[in-house]
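**Q** here is my input, please return the structure:
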Amino acid sequence: GGHFDKWIGGSHLSGSASAFYILCRDQQITIFPPGMSTGRMMANVGRSRSIGAEATLSHGYKGLSLTAAYGYTDARFTSYDDGNNDYSGNRIPYSPEHTLNARAGYSFRFGGDAFRGLALAADCSSVGRICWDEANDPVEPFVAQVGADISLDFKWFDFRFRMDNLLNEDYNVFYFKSVGNMFFQRGKPFRWTAGITIDL
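**A** Numbers count the residues shown, from 1 in each chain. Now for the predicted structure:
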């Protein structure tokens, strides 16, 4: 891995990057019993390997701030035969292939005594593809969620308004199979929050 941190005039730029390669013997994963059983079990699935890289970058200039982070992981079984099926070469469940986060914002500062500042920002959070079981079926595709917020800075209090999943993306955050049925935990839809912080 590596890291840099530079000031160029009034601009600040920093970033980091790393790569990894992991070999694992006696890999353990959580599995759900087949048939009409319930509950969870731990299974020893033999061997696996994970290859990936991560990188972050941030930039600031006066009131402008930009940040981005990306990660890639290819996590697979190299040896996994449960006696009925050979899953060697399949992706490890619940391990996202891509993760991406980016945010851009701008802060305005004012000389007023009562109203002191305004900050606007937008961001994107993305994850996928995710295989939900060792057979790699079903699969959650790459999903991107967009958010935005505004902050108002007053003398005696701060006001913040935040919106998440602006595009109302439909996605799942968890999956399991029980009593022969598939269950998905749905992600949160579009939502907004507002709050006031009082400075006494």
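**Q** C-alpha only now, for contacts and for neighbours.
**A** Fine.
**Q** what's the closest non-adjacent residue to residue 157?
**A** Nearest residue to residue 157, sequence neighbours excluded (Cα to Cα, 6 or more residues apart in numbering): residue 198, at 4.2 Å.
**Q** whoops, residue 105 was the one
**A** What sits nearest to residue 105 in space, not counting adjacent residues and going by Cα to Cα, 6+ apart, is residue 121, at 3.9 Å.
**Q** now residue 150
**A** residue 120 (4.7 Å).
**Q** do I have it right that the one you found meets residue 149?
**A** Yes. Proximity of residue 120 to residue 149 meets the contact threshold set by Cα atoms under 8 Å, at 6.1 Å.
**Q** any common contacting residues for the two?
**A** The contact sets of residue 120 and residue 149 do not overlap (Cα atoms under 8 Å, 6 or more residues apart in numbering).
**Q** any idea how far residue 147 is from residue 129?
**A** Residue 147 sits 21 Å away from residue 129, going by Cα to Cα, to the nearest Å.
**Q** what distance do you get for the most far-flung residue of the chain relative to its centre to residue 151?
**A** What lies farthest from the middle of the chain is residue 113; by Cα atoms, centre = their mean that is 39.4 Å. Here the criterion is Cα to Cα. By it, residue 113 lies 17 Å from residue 151.
**Q** one more: residue 158?
**A** 7 Å.
**Q** got it, and residue 43?
**A** Distance, residue 43 to residue 151, using Cα to Cα: 48 Å.
**Q** same check on residue 121?
**A** Taking Cα to Cα as the measure, residue 121 and residue 151 are separated by 9 Å.
**Q** check residue 39 and give its pLDDT.
**A** If you check residue 39, the pLDDT there is 69.
**Q** reduced to three states, what does residue 20 come out as?
**A** When classified by DSSP: H, G, I helix; E, B strand; the rest coil, residue 20 comes out as strand.
**Q** what sits against it?
**A** 50, 51, 52, 53.
**Q** I'd assumed residue 2 was in contact with the last one.
**A** No. Proximity of residue 53 to residue 2 does not meet the contact threshold set by Cα under 8 Å, at 11.7 Å.
**Q** shared neighbours of the two, which are they?
**A** Here residue 53 and residue 2 have 17, 18 as joint contacts, going by Cα under 8 Å, 6+ apart.
**Q** more neighbours: those two, which one.
**A** Counted by other Cα atoms under 10 Å, residue 53 and residue 2 do not tie: residue 53 has more neighbours, with 16 against 9.
**Q** check contacts around that one.
**A** By Cα under 8 Å, 6+ apart, residue 53 lies in contact with 17, 18, 19, 20, 71, 72, 73.
**Q** buried sites along the helix or strand encompassing it?
**A** If you go by DSSP states H and E, residue 53 is part of strand 47-61. Within strand 47-61, the residues scored as buried using 16 or more other Cα atoms under 10 Å are 47-50, 52-60.
**Q** partners of the closest residue to residue 92 other than its chain neighbours in the sheet?
**A** Closest residue in space to residue 92, ignoring its immediate chain neighbours: residue 76 at 5.2 Å, by Cα to Cα, 6+ apart. Bridge pairing for residue 76 (DSSP bridges) gives the partners residue 49, residue 91.
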